[in-house]
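Trainee: next come a sequence and a model predicted from it.
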Amino acid sequence: MKCNIRKWRVSDAKALAAALSNQKVQEQLRDLPYPYTEQDGAAFISEMLSADENEIFAFAIATDDAAGLAIGSISVFRQGNIHQKTAELGYYIAEEYWGKGIATEAVKQICAYVFHKSDILRIYASPFAHNIASCKVLEKAGFQCEGTLRSNAVKNGKVLDMKMYSLLKEEITPAL
């Protein structure tokens, strides 16, 4: 199954709430409200739609059929100060779409978009080290593992390692 990344729509709030009210999805993300409500989704979508488009590149991951159902989220956030040409990638998809190559396709699409439309030189992502599926998504999208960030997060009372992955503009520019 292929996917598209597209701008958020206010009408996506219900699908967003359904995807994020799943504990398996939330276990792999930074802390969010649980259960995640439609109001939480509407507030997030509103924030993303009003964000500076050169600082935050935020899209729904949608099915590529006529319905264009929002099945996840993908965003790239520009960093500040001496890291102003570096951005952090974050993403998730609803559990029923796991294992279909959708996240990898969405990562490829957003990286190509950001590198083409901005002066960002480096995009990084830092999944939990135990999240092998997310690490594989990044590797299949061309990211390189730079190492392990030891005891870098506390999630649900557990101290966790994270991996650091990056993709440089020069590594994909010829493909644009």
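Mentor: Sure, I can see it.
Trainee: list the buried residues for stretch 125-141?
Mentor: 125-129, 131, 134-135, 137-138, 141 (16 or more other CB atoms under 10 Å). Yep, even glycine has a C-beta here, placed from its N, CA and C like the rest.
Trainee: in the helix or strand hosting Ile5, which residues are buried?
Mentor: Following DSSP states H and E, one finds Ile5 within strand 3-6. Neighbour counts over strand 3-6 (16+ other CB under 10 Å) mark 3, 5 as buried.
Trainee: okay, that strand in CSV with CA atoms only?
Mentor: Below are the C-alpha coordinates for strand 3-6, written out as CSV (Å, rounded to 0.1, in the frame of the first residue of the first chain):
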residue,chain,number,x,y,z
CYS,A,3,0.5,6.7,0.9
ASN,A,4,0.6,10.4,0.5
ILE,A,5,1.6,13.1,2.8
ARG,A,6,-0.8,16.0,2.8
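Trainee: run me through the strand neighbours of that strand, direction for each.
Mentor: Partner strands for strand 3-6, per DSSP bridges, with pairing direction: strand 56-63 (antiparallel).
Trainee: any residues touching the partner strand, and which ones?
Mentor: Strand 56-63 is touched from outside by 1, 3-9, 12, 16, 48, 51, 68-78, 87, 91, 93, 102-103, 106, 110, 113-114, 117-118, with contacts defined as CB atoms under 8 Å, 6 or more residues apart in numbering.
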